[in-house]
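Colleague: have a look; sequence and predicted model below, questions after that.
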Amino acid sequence: MSKHYRAHKERARGYVKERVETLSAVYGFQYGRIAIRNTKRSWGSCSELGNLNFNYKIVFLPDSLAEYIIVHELCHLREFNHSTRFWKHVESIIPDWKERRRALKRLERLPARVLYCSKEN
Ligand SMILES: [Zn+2]
């Protein structure tokens, strides 16, 4: 387990839990477990059992981008695919999801030290 992951995992869990709970209360999502992981490539995923996984580095993102990631995974609880219906669902919650997705892609191209700058690193 990396030092950086260990140092920020619980803060990430608290942040994600709070956002998932609030969004689920407002939009009526039913989810299973929430796990925080140190994944290489993905920001989040959703299993067919309704369990949600998030990359701990989500806590270093601007709130608007973290929210897009969380809403994206929550919408998979209803549409387990990337169909037009799925994106319509995302759009009903985040009308500017396309801009946020683009911003996230731009951010991913930055060096890690810019993104996750921290003293513990
Ligand atoms: Zn997806």
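Modeller: Cool, got the structure.

Colleague: buried sites along the lengthiest helix in the chain?
Modeller: Across the chain, the longest stretch assigned as helix under DSSP state H is helix 3-27. Of the residues in helix 3-27, 4-5, 8-9, 12-13, 15-16, 19-20, 23 count as buried by neighbour count, 16 or more other CB atoms under 10 Å. In this view, the C-beta of every residue, glycine as well, is placed from N, C-alpha and C.

Colleague: quick check: what element follows it along the chain?
Modeller: As assigned by DSSP states H and E, the chain's next helix or strand after helix 3-27 is strand 34-37.

Colleague: contacts for that following strand next, please.
Modeller: 9, 12-13, 16-17, 20, 51-56 (CB atoms under 8 Å, 6 or more residues apart in numbering).

Colleague: may I see those arranged in JSON lines, with distance to residue 76 and pLDDT as well?
Modeller: Formatted as JSON lines, the contacts of strand 34-37 follow (distance: CB to CB, whole Å; pLDDT from 0 to 100):
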{"residue": "9", "distance to residue 76": "23", "pLDDT": "97"}
{"residue": "12", "distance to residue 76": "19", "pLDDT": "98"}
{"residue": "13", "distance to residue 76": "20", "pLDDT": "98"}
{"residue": "16", "distance to residue 76": "15", "pLDDT": "98"}
{"residue": "17", "distance to residue 76": "18", "pLDDT": "98"}
{"residue": "20", "distance to residue 76": "13", "pLDDT": "98"}
{"residue": "51", "distance to residue 76": "11", "pLDDT": "97"}
{"residue": "52", "distance to residue 76": "9", "pLDDT": "98"}
{"residue": "53", "distance to residue 76": "11", "pLDDT": "97"}
{"residue": "54", "distance to residue 76": "12", "pLDDT": "97"}
{"residue": "55", "distance to residue 76": "15", "pLDDT": "96"}
{"residue": "56", "distance to residue 76": "20", "pLDDT": "96"}
